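Visitor: Give me a 3D structure for the following:
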Amino acid sequence: MSLGQIGNKTSDLNFIFANNGYGFGFETTKQQNEVLQVGLDLRLYDIRRDEYTIYNEFYNQFGVIGEKSILMIPVYGRINYLLFQNKIANNFKPYIFISAGALIAVDGNENERSFRKKWFEAETQVVPSFSTGFGVDFNSIGQGNSISLGLGYDYFKTKEPIHNKDDYGGIFLYLKYRIKSE
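Guide: Residues are numbered from 1 along each chain as shown. Model (predicted):
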């Protein structure tokens, strides 16, 4: 990276596959020096760990048992450390990251049919949380596009149990697509 690229801002859209569910996110970072990026990491997880699809032979339909309406919304500050900078090809950038901030845990009421009552009157907790992991950016030379793949770990521990469970963290895989580069 040349010194002219320091201060470069990027925005990415993330697709996340976690051991408790799935989600998506938005990430924006700014290059601080040749090996350090700082930014904001916003995500939304739909927790689906205890749900199972079943087939009801009597009604000839599929259904879901154990359905829970739980959302985890981490709002993090993020630091990326670029490994092997200027030592390997420019279109392949491995990095490690740490994100820390607040986790908003929302327990929607599964018995409510109204979207407003289910989510806007839901029990909510805000707790400290963090995430760490590593990834690899695959950049397109000259186009500013990139795709990243990575593996991480989320620490999602609530103050009060939600459906008899207080730990919703774990391993996640992500696919990140660059939507804007300045």
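Visitor: how close does residue 38 sit to residue 100?
Guide: Between residue 38 and residue 100 the computed distance is 12 Å (CB to CB, to the nearest Å). To be clear about C-beta, it is placed using only N, CA and C from the backbone, and glycine gets the same treatment.
Visitor: So between the two, which is more surrounded?
Guide: Between residue 38 and residue 100, counted using other CB atoms under 10 Å, the more crowded position is residue 100 (16 against 13).
Visitor: Name whatever forms a beta bridge with that one.
Guide: Beta-bridge partners for residue 100, by DSSP bridges, are residue 77, residue 130.
Visitor: re earlier: so what sits against both of residue 38 and residue 100?
Guide: Any residue near both residue 38 and residue 100 by CB atoms under 8 Å, 6 or more residues apart in numbering counts here, and that gives residue 77.
Visitor: thought residue 42 was touching residue 75?
Guide: Yes: look at residue 42 against residue 75 with CB atoms under 8 Å: they come within range, at 5.8 Å.
Visitor: Please enumerate the strands of this protein.
Guide: 9-18, 21-31, 36-47, 52-56, 61-65, 69-82, 92-108, 123-139, 146-155, 157-162, 165-167, 170-181 (DSSP state E).
Visitor: Need the ones you listed in a markdown table (columns: mean pLDDT and distance to residue 115).
Guide: Formatted as a markdown table, the strands of the chain follow (pLDDT from 0 to 100; distance: least, CB to CB, whole Å):
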| stretch | mean pLDDT | distance to residue 115 |
| --- | --- | --- |
| strand 9-18 | 92 | 23 |
| strand 21-31 | 92 | 19 |
| strand 36-47 | 92 | 15 |
| strand 52-56 | 70 | 23 |
| strand 61-65 | 70 | 18 |
| strand 69-82 | 92 | 10 |
| strand 92-108 | 92 | 9 |
| strand 123-139 | 91 | 16 |
| strand 146-155 | 92 | 26 |
| strand 157-162 | 87 | 19 |
| strand 165-167 | 83 | 24 |
| strand 170-181 | 90 | 27 |
